[in-house]
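1. Build me a structure from this.
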Amino acid sequence: MPPNFRRFLPLILVAVFLLVLLPNLLKKTSSGPNASTRATQTINAMNLIDKSEQTYKMAHGSYTSHLADLLAVSHGLASDLVIGLAVQLDVGSGGQSFYARVASDVLSLVRGRSGKQRIASSCLVLKSGSGVNCP
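-> Have a look, this model is predicted:
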């Protein structure tokens, strides 16, 4: 071996150790909520959105398409949204009907109301084999 290579061999070995072995030793495992918990929180969020929309309509005479308005009405909704739910709200032009979609990585729910009557309700399990069932 050339003398220059012997001189840098310890540095090369340390670099290989740092690049290959160290990331595996320092890898963190995520301990977030399981699929069943995320599905339950998705269902709870949809129920809270539905109740909050109805409460908002009673107070203001029309539904709202702003999630911030619903957070002011339902204080428990924020804790369910923390898990990373995608929420989509849409209100009819007269404000007398609304459509809500709440989705997590395991479950997607859709609900619609016209006045006080529920006109649409749908559920789709997005992650098969996770033990999650539609309500």
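2. In stretch 115-129, which of the residues would be classed as buried?
-> Neighbour-count burial for stretch 115-129, counted by 16 or more other Cβ atoms under 10 Å, picks out 123, 125. All C-beta spots, glycine's among them, are computed from the backbone N, C-alpha and C.
3. residues in contact with it?
-> Here stretch 115-129 makes contact (Cβ atoms under 8 Å, 6 or more residues apart in numbering) with 35, 54, 96-97, 99, 103-113, 132-135.
4. Those, buried ones only, as a ChimeraX selection?
-> This is how ChimeraX selects the buried members of those, with burial counted by 16+ other Cβ under 10 Å:
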select :35,97,99,103,104,105,106,107,108,109,110,111,112,113,132
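5. can you tell me which of the contacts of stretch 115-129 are in strands?
-> With strands taken from DSSP state E, the overlap with the contacts of stretch 115-129 comprises 97, 99, 103, 107, 108, 109, 110, 111, 112, 113.
6. Name the nearest residue to the last one, ignoring sequence neighbours.
-> Taking Cβ to Cβ, 6 or more residues apart in numbering, and ignoring the residues beside it in sequence, residue 113 has residue 98 as its nearest neighbour in space, at 5.7 Å.
7. quick one: what helix or strand has the nearest residue to residue 108 once chain neighbours are set aside in it?
-> In space, residue 108 comes closest to residue 124 once its chain neighbours are excluded; the distance is 4.5 Å by Cβ to Cβ, 6+ apart. Using DSSP states H and E, residue 124 sits in strand 117-125.
8. returning to what we had before: which of the ones in strands among the contacts of stretch 115-129 lies closest to residue 11?
-> When the ones in strands among the contacts of stretch 115-129 are compared for distance to residue 11 (Cβ to Cβ), residue 103 wins out at 50.5 Å.
9. Quick check, that closest one in contact with residue 83.
-> No - counting by Cβ atoms under 8 Å, residue 103 stays clear of residue 83, with 11.4 Å between them.
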